[in-house]
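In: please work out how this folds:
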Amino acid sequence: MSDKSSTTETAKETIARLRANRQQRSEVATEVPQRHQSQNILEAQTKQGAKRASKQSGGISTVERKRAIHAITQRLLHGELTQGQALKTLRVEVLGLTQDQYANLVKVSRKTLSDVENDRGSYKTDILNRLFKPFGLKVGIVPISTGVTWLL
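Out: Residues are numbered from 1 along each chain as shown. From the prediction side, this is the model:
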């Protein structure tokens, strides 16, 4: 019995070890400067390919959420992301929701959400606004060149 107890973790020891690991990861994450954290998340996603939302996705703070939304919209405005890529990144990174969960939230079909995220089809402005509304965003007209000047 002593051999078995020395090599087998008890449930309490396992829980304590997992909590210590989570705390250690949390401490390491706070060492990354906050203004670079959302950019690092986006770069990691690009390097790893598509990222999926899961039940394990943790929530982020309001400040981190705002920074992530800002970073993603900047990349969208600079042409680094398509509208669909931006929506998917927002859904996964900011809300941590699956397509089914998010489609139910914004009251569109999962197929419509999937098509928009994969830049398939052409959707009306009201559908796109419904998809971006949870992030405080809506479709608008923006200059296509930084050299565009406005006459008043």
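
In: drop to CA atoms for contacts and neighbour counts, all remaining ones
Out: Noted.

In: show the contacting residues for residue 118.
Out: 84, 85 (Cα atoms under 8 Å, 6 or more residues apart in numbering).

In: for it, give me the pLDDT.
Out: Residue 118 is assigned 96 on the pLDDT scale.

In: quick thing: my sequence starts at 55, can you match it?
Out: With the count now opening at 55, the last piece we talked about shows up as residue 172.

In: in terms of helices and strands, where is residue 168?
Out: Here residue 168, judged by DSSP states H and E, is contained in helix 164-171.

In: what does that helix contact?
Out: By Cα under 8 Å, 6+ apart, helix 164-171 touches 137-142, 153-154, 157-158, 175, 177, 185.

In: inside helices: which ones of these?
Out: Within the contacts of helix 164-171, residues falling in helices by DSSP state H are 137, 138, 139, 140, 141, 142, 153, 154, 157, 158, 185.

In: tell me the one of those nearest residue 125?
Out: The nearest member of the ones in helices among the contacts of helix 164-171 to residue 125, counting by Cα to Cα, is residue 140 at 10.1 Å.

In: how about the contacts made by the closest one?
Out: Residue 140 makes contact with 126, 127, 130, 171, according to Cα under 8 Å, 6+ apart.

In: tell me how far residue 164 lies from residue 197.
Out: 31 Å (Cα to Cα, to the nearest Å).

In: who has more neighbours, those two?
Out: Neighbours were counted for residue 164 and for residue 197 using other Cα atoms under 10 Å; residue 164 has more, 16 against 10.

In: how confident was the prediction at that one?
Out: Here, the pLDDT recorded for residue 164 equals 96.

In: all the helices of this structure, residue numbers only.
Out: 56-61, 65-85, 88-102, 116-131, 137-143, 153-160, 164-171, 179-186.

In: redo the contacts of helix 164-171 as CSV? Include distance to residue 65 and pLDDT.
Out: Compiled in CSV, the contacts of helix 164-171 are given as follows (distance: Cα to Cα, whole Å; pLDDT from 0 to 100):
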residue, distance to residue 65, pLDDT
137, 46, 93
138, 44, 95
139, 42, 95
140, 42, 95
141, 40, 96
142, 38, 96
153, 34, 95
154, 34, 95
157, 38, 96
158, 37, 95
175, 51, 87
177, 52, 91
185, 43, 96
